[in-house]
Each structure stands twice: as structure tokens, then as C-alpha cells.
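*Asks:* Model the following, please.
(3 chains)
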Amino acid sequence: MAAIEILALEKTYSVGFWRKKPRQALRPLNLTVQEGEIFGFLGPNGAGKTTTLKLLMGLIFPTSGSARILGMEIDDPRMKAQIGFLPEQPYFYDYLTARELLVYFGQLSGVDPKQRSRKVNEVLQRVGLPDAGGVQLRKFSKGMLQRVGIAQAILHDPKVVFFDEPMSGLDPMGRREVRDLMERLKHEGKTVFFSTHILSDAEALCDRVAIINKGELQGVGAVADLTSSVHGKVELVWQGPAVPSSLRALGADCHVTGETVRAIISESDQDAAIEALRRERLRLISVTPVRTSLEDYYLQILQPAAATSGARA
Amino acid sequence: MSASRKVSLIFSILLLGCVAASVLLLRRLDQMRTGATLDEVLYISSPKLLKRLSLGYDGLLADIYWTRAVQYFGSKHHEGARRYDLLAPLLEITTTLDPHLLVAYEYGANFLAPKSPAGGGMPDRAIELEEFGIRNNPNDWRLYYNEGFIRYMELQDYAGAAEVFARGARVPNAHPFLAVLAGKMAEHAGDSQMAKMMWSTTYQTTKDNTVRANAAAHLRALQVDDDVTSLELLTGRYQQQTGHFPSSFSDLQAAGLLRGTPVDPLGHPYKLMSDGRVEVREPDDLPFIQRGMPQGYVPPDAPKFLPAD
Amino acid sequence: MSARIAHIASNTFREAVRDRVLYNLIVFALLMSGAAILVGQISIDIERLVVINLGLTAVSLFGLVIAIFIGIGLVSKEIEKRTLYTVLSRPVRRWEFIVGKFFGLAGTLAVNTFFMAIGVFVSLLYVSHHFQKQDGWVLVALYFIVLQFLIITALTLFFSSFSSPLLSAVFAFSLFVIGSFAEDLRGFAAMSQGVTRWLATGAAYLVPNFSALNVISSVAHANPVPGQLILYNSAYALVYAAMALCGAVLVFERRNLK
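*Replies:* Numbers count the residues shown, from 1 in each chain, chains lettered A, B, ... in the order given. Sure thing, here's the model as predicted:
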């Protein structure tokens, strides 16, 4: 069963007081996430990532379309018992201590009263706040609040967790811990859906990603598939220091270091470049394909010129 | 969406139910509490304290108490009440809160002073009210007029009335009748000419519909009294001339004693009785008449002098 | 369902307490003690009157202020600060949230009134030296004041579900003032004509009827409160509060959170 099914989900806001101008925050979105996946939802700020999450959580209502989580409609309370949500820059009742907050949320999520305090302690351990249970939340730093946020999202052992920018506010150590935690969640059989604009995290963690921009889905797929679709680049190294003008004409990126020149050119220009070197009788040292990163794919797909590639399944 | 729609539907029905229930309960509560708000007036032992407690909003509070006074009087009158116990406190509180609310003093003179069932039957308290009004509005002739009116009508204190009228006549822009009333008091005290003059003054100068209607009723009554007196003089003369009383007004007309058919101020012809007395056709419509009432007539509990009657 | 409502209610209560709301009791205690001592030295007959009038009026006004101050933020603060996000992502129905908040604040006010009641009776004991039978009616007056709180709480909660805190405070306070003169308003309506009459009558019946719930001066004069009045007032307050709550639920149910 698909963990998350989004069917033509759309959100349009009417902005302005008199003449209502519609603003499409999310164009009809179709997306499916399988159980047990770590799914990354990428896009620049204002692309519609948070809007999508708020629609899924029932915080705002769609203009049209629908979605199902674990086969249940998004306004079904039984479904909510099996999901966890970490919002962006979470804010909690600052007059409560961390433990009180988690106990309260445990009560609301229907955690068995006998298990409650054990689970709260466990989850505090898991997010790296073993001693902060009795501290009032108003004294927490941003990073600590983020951890509490994660804690309340996984406290009740949900099957699907939704994280909105889980790494924000964390130092590199913290980010590493969160990445490890997300891996462990996957190993426990949970589905993780998270949005981020930090591509390296997505590349390292995700099974599949979707990229969204200006409310519209731009691309979806496994990381490897997506990166391989990008026009590759090769690195040419030759004995310099001369750089043939024809190579410069190809728009190559040339760096001269001592006696060698390195240039990155696109794969399609590879033959023309080698030909140019041969004509100039320059000695070719190496030709190495450069591994395309998700960033390359991302930047490519977000460029308006590359919009011809369209959305790919 | 269905779960959310269901909730909205349930709560909408619940809302409508609650609205209906609250309206019904309110009506029941109002029935239980008629006059309860007003009874609380009796607990305000110090209107001055109330004024201080109103924190400067005394004008608004005065208007509220004034409205309560009007409603109180109107509803009690309709019930045919014989006592208006709360009228005096209501007027006193109103005027303490707003000493310049002139219409309240008018009510004092026209409805607090007169004897029941036309009024509260408290002329002394009414005079205190007017004196309070004079102290606070020394240049308003109407307050002197009100006090003189009460002294004349209810207390028959002609000397006192003349004195107050004279004082009032000296006030700038005083109504010219005040001087006239003061002057005529010595010889005409107690006669209908004075009464007519006073009721006309009230009728012409008041801005309140209720007071005006009351004055009109009194003027009509005075007219009736005069008419009946003169008509009975004529029937007496006829009897002397012919040895028997006239059987109808045409007899009087034939004898040259009368021109036309006499009608009362409401337009109904008078009735000529066999013993020479003259009576009005609809005594219920003419409160305050002293003459022309049918024998054994008992006036209704609620004399018809308010505009709504 | 009821467990979740109870949890939300108790958390709302906890928030009020940690917001140091109950400190108002100290001010109240000082006020009552001062008044009792002062009045005890002035004149004989009216101390009981003054203590009851002052005490009950203070209970009513303090509670009104608390109800409005806390009530206006009950929903709007949670939306503004986005603390609602992690609450509504749980199996909590939106209407349970509203009802829970209502009971939380109502409970806070009831507890507050309970302590104030003790203060009033202690002052009463101080000036009269012994309890009289009529003092029992003071309890009824206090009960009516709590009923007033239920209505005000429900109303401010209703306004809080769609309006900013400032506007909510203005609306709630205005309704309190108008509601205190509700009977006069109905009188005005009965005296007017035409369209004004319909509008005024409509308004007069929708406005909360606080005048019937105010028996302070009556009780101060040791008058009994008729049993029927107690019955009907209770029913009315519950129905009216429920009405405002339904309004709040209906607004909140379809509200897009920012």
C-alpha cells in the first residue's frame, strides 16, 4: 500500500481585499510515496513545500483534489494517530517543561497511560536530550527545540513521519544525528517524508525525491536515475600551459596549475575538445567523467530554459 | 471532507437549537422579572452615590432611568394601577444623574403630583423635585411654572403659587403667562379661567407627547364643565319660563335660548335628561370632568389621557 | 473523546496558573480585608451591605477581566504562535480543541471564584461576627456570577476564533455592557416601530442577558432568590454558552491556519 497518495491536490489563495487576485500556492500535484521510503521534497523557498505539508496535516484545506495517507482520508482522525509531524521552526508552549509537553502530546495521541512516561524518557534519549526533561521550553535553544520537535513527532510510534526542514537550526553534529535518526526510522519500517533545501542531505538519505518550484512539480524519481539524466561533464587534463582558443570558444572552465591545465566541459563537447587538443599537438593526460550531483540536476531543472524537459515520472 | 462536513452540520443544528431555546428562556425570564429591575431602584438609597459610581457616564445612565420611568408609568397606567410607588424614586434618580433633564421635572408636575389614579399622589415630593430643578436651572422659567402649577392644582396653596409664578416671571425669556397668572391669582384663584390658562400654557409649551395629551384631556374636561354649566342654566331658565323642562335641544332652540346643537369637545352631542340635567354621551372618553357625568357613573381604573389610550 | 477534551482543559488551566493569573487573588484579598476593616469602623447597620455589595461586585469584575484577558488569546494566540500545528496533526478534532479550551478557562474562573468566595465570607464573618441564614443567598449570587463567566468565556472564545485579540476584547466587553442593560434594550425595542423595532428586538434577544444574572443588590438586602429564577437562569446560561461555542466550532472548523 502506498504510504502517501496525493491526487491533484491544489491550493489557491485569493489575495487582496477588494479585487481578489488568485495566487496559486500549489498547482494540481500528483505524487505517491511508498511505505518504507525516505522521500525528499525539494525546492526553493516559497515553492509550495510547506503548503503541501499543511494540506496533508489538515491545517489548511485544498481548493481541489484529495490525498490519502495509509489509505485513509486526510481528515480521518484514525489516520492522525499513525503519523507524526515536525513543522518548520516549531514553537511549543513555553510554559511547559519538555517532559510535560511530551506527556501532554502523548495524551492527545492516545498513548497508553501506563507506557507514557517510559516512552517519553526513551524518546528524550533518542533525540539527545536525556537531561533536559525538566527544563522549561522557554529556556531551550533553537537546536534543542528542534530536537523536542522530532521527539514529539515520533513519540507515539507513528508509521509515517513528516518533517518540514528537520535540519534547520542544527549544527553539523546535530544534523548528523538527525540523519542517523532518519536512517534508523527507515530501518524500523517507517516512512519518512521530509522537505528541505539542503541538497546534500537529500542526496545522502533519500530513496526518491521530488522537486517543486513555484507550486508546480518539476521532477520526481530515484536520486541515481535523476542524476544520470543530467548531461554529463568530463574533466580533461593536458600538458599546458597553452589553452587553445577553440576550447575557450567551447566555454570550457580552464584552470592552469603549474604545467597542467584542467578543464570541465560537457560530455557532448568531448570529441570536439580532444580534436582541438590534437590539432594543437597538446599532450592529453586524462579524460575523467565528472560525477553529477543532485545539485546539478536541481539547478538544471529549475532553470526556465530547461523547462522543456517537463515533469518526469 | 465528509468527517468535517458532518461536524459542521451537527454543530449548525445545535446552534439553531440553542438560539431558539435561548429566546424562549429569555421570554420566560422577562415574565418572571417584570419590575424586578425597577424594584432595585428602591435599593438605591443614595442617588448621589450612584452618580459618583457612574464614573462620568451619568448622562447615559440618566437617559436609561428616564426611559424606565416612562415605561413604568405607561405600563402601570395600562394596568389600571392605583399606586405609582416607584415613580418618585425613578424621577429623583434621573434628575440627580442629570439635573438638566427638564422633561423629568414636567413628569413630576403632571404625573407625580396629581392624585391617583391619574398620578402618583405625591405633591410634596414633586415640589421637592421642582425645587431641586430650580436650584440647578435657575434661569429656566418652566421649573417655576411646574412648582406653581403643583401648588395651585394639588395643594390649593394659591399664595405660594402666585409667589413662585412671580419669581419665574422675572427670569429672562419667561413665558408671558407667568406674570399674568401671578397677577390674577388674588381675584381668580380657584376658578376655571385660571385652570384653563394653566393647562393651555402646559399644552402649548411642552415638547412631550404624554404631557400634551394629558393637558388636552384636562382642557376638554374644563370645556365640558363650562358647557354643562351654561346648558343647565338654560334648561333652568326654560323651566322657569314654561313650567317644565325641555324634552330636547330643539325646544331650547325654539325658545330662542340656543343656537345650533351643542356638542362636546370630542364632537358628540350632549344628552338632555328629563330632569333638566345635561350629560355627556361617552364619559369614559372624557376623563377629569366634574359635571355632566351620568348618575352612578364610576370612572374606569385607567383614565384615558395618554396618547396610546 | 472526552479524555482528549479533559486533557486540553487541564492544560489550559495549567497555562492560566503559570501565567500567574491566580495572583489576582492577592489583590482581591487585600481589597476585601481593607474594606472589611474600614467599614467595621464606620457605621453599624450597613457593613453587611457594603461587604456583600463590594465583594460580589469585585468578584464579578475581576473575573470579567480575567475571562476577557485570557479568552481573547485562547485560539488566536495558538494560531499566531503556531503551537496549534503539532496539536492538530494529532487525532484531536478541531471541535474538541474548542470545547477543551472552554472548560479550561471556565474551570480556572470557577476555582478563582471559589477562593474569592472564601474571602467574601471571611469578611462577612468579620463584620457581622456570625453567619445569618440570609448569607446563604450570597452563594446563589456567586453561582449566578459563575454563570455569567460561562457566557463571557464562550463569547470571547467565539471572537478569538476569528478575530484579533484587541477586537475580541472590544466585542466581548461591549457585549457585557449591553447585556447588562438587556432588559432595557428589550423595553426600547417594544417602544419603537417598523424596521427599527424588528432590528432592535432581534438584537435584544441575541445579546446575553446579564441583568437577570445580577442579583447582587437584592442579596445584599437579604432578599431570597426565587427557585424558578435559579432554574431558568441556569438553563439560559448553559444554552447561551453552548450557542457561542457552536459558533466558535463552526468558524474554527473551516479556518485555514496561517
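
*Asks:* Please enumerate the strands of chain A.
*Replies:* Counting by DSSP state E, chain A has strands at residues A:2-15, A:21-34, A:38-42, A:64-69, A:72-73, A:83-86, A:160-164, A:191-196, A:208-213, A:216-222, A:233-239, A:253-257, A:260-266, A:284-290.

*Asks:* packing partners for the shortest one?
*Replies:* What that stands for is strand A:72-73. Counting contacts by 3 or more CB pairs under 8 Å, 6 or more residues apart in numbering or on different chains; DSSP states H and E, strand A:72-73 packs against helix A:77-80. Glycine gets a C-beta too; all of them are placed from N, C-alpha and C.

*Asks:* Could you list the buried residues of the worst-scoring helix or strand of chain A on mean pLDDT?
*Replies:* In chain A, the helix or strand scored least confidently by mean pLDDT, DSSP states H and E is helix A:245-249, which has a mean of 73. Using 16 or more other CB atoms under 10 Å in any protein chain shown as the burial criterion, the residues of helix A:245-249 that qualify are residue A:247.

*Asks:* now do stretch A:186-193
*Replies:* A:186, A:190, A:191, A:192, A:193.

*Asks:* now swap in stretch A:272-283 and tell me
*Replies:* A:273, A:274, A:276, A:277, A:282.

*Asks:* Just the CA trace of that stretch, in CSV.
*Replies:* Provided in CSV are the C-alpha atoms of stretch A:272-283 (Å, rounded to 0.1, in the frame of the first residue of the first chain):
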residue,chain,number,x,y,z
ALA,A,272,35.5,18.4,-30.3
ALA,A,273,37.7,19.3,-27.4
ILE,A,274,40.0,16.3,-27.8
GLU,A,275,40.2,17.1,-31.5
ALA,A,276,41.2,20.6,-30.7
LEU,A,277,44.0,19.4,-28.4
ARG,A,278,45.3,17.1,-31.0
ARG,A,279,45.4,19.8,-33.6
GLU,A,280,47.4,22.0,-31.3
ARG,A,281,49.6,18.9,-30.5
LEU,A,282,49.0,19.3,-26.8
ARG,A,283,49.5,16.2,-24.7
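
*Asks:* sorry, back to before: mind putting the strands of chain A into a markdown table with distance to residue B:171?
*Replies:* Formatted as a markdown table, these follow (distance: least, CB to CB, whole Å):
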| stretch | distance to residue B:171 |
| --- | --- |
| strand A:2-15 | 68 |
| strand A:21-34 | 69 |
| strand A:38-42 | 88 |
| strand A:64-69 | 79 |
| strand A:72-73 | 83 |
| strand A:83-86 | 81 |
| strand A:160-164 | 81 |
| strand A:191-196 | 85 |
| strand A:208-213 | 86 |
| strand A:216-222 | 86 |
| strand A:233-239 | 107 |
| strand A:253-257 | 105 |
| strand A:260-266 | 107 |
| strand A:284-290 | 108 |
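
*Asks:* which stretch in those is the model least sure about?
*Replies:* Among those, strand A:253-257 carries the lowest mean pLDDT, at a mean of 78.

*Asks:* then that one to CSV, C-alphas only?
*Replies:* The C-alpha trace of strand A:253-257 is given here as CSV (Å, rounded to 0.1, in the frame of the first residue of the first chain):
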residue,chain,number,x,y,z
ASP,A,253,36.2,26.1,-17.5
CYS,A,254,40.0,26.1,-17.6
HIS,A,255,42.4,26.2,-14.6
VAL,A,256,46.1,26.4,-15.0
THR,A,257,48.1,24.9,-12.2
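
*Asks:* Return the set of buried residues in it.
*Replies:* Neighbour-count burial for strand A:253-257 flags residue A:254 (criterion: 16+ other CB under 10 Å).

*Asks:* for it, packing partners?
*Replies:* strand A:260-266.

*Asks:* quick one: strands adjacent to the strand it packs on?
*Replies:* strand A:233-239 (antiparallel), strand A:253-257 (antiparallel) (DSSP bridges).

*Asks:* report the angle between the axes of that strand and strand A:284-290?
*Replies:* For strand A:260-266 against strand A:284-290, the angle between stretch directions is 40 degrees (axes from the mean of the first three to the mean of the last three CA atoms, to 10 degrees).

*Asks:* Let me know the closest of the buried residues of stretch A:272-283 to chain B.
*Replies:* Of all the buried residues of stretch A:272-283, chain B sits closest to residue A:273, with 59.3 Å by CB to the nearest CB.

*Asks:* Which residue is the nearest non-sequential neighbour of the closest one?
*Replies:* residue A:265 (5.3 Å; CB to CB, 6 or more residues apart in numbering or on different chains).

*Asks:* Repeat that for residue B:241.
*Replies:* residue B:255 (6.9 Å).

*Asks:* What is the burial count for the one you found?
*Replies:* Per other CB atoms under 10 Å in any protein chain shown, the neighbour tally for residue B:255 reads 14.

*Asks:* Now residue B:151: phi and psi?
*Replies:* Dihedral pair for residue B:151: phi -60, psi -40, per degrees, to the nearest 10.

*Asks:* Determine which residue of the chain is most distant from the centre point.
*Replies:* As the question left the chain open, I've gone with chain A. residue A:281 (47.3 Å; CA atoms, centre = their mean).

*Asks:* Not quite, go with chain C.
*Replies:* Farthest out in chain C is residue C:194, which, by CA atoms, centre = their mean, sits 34.8 Å from the centre.
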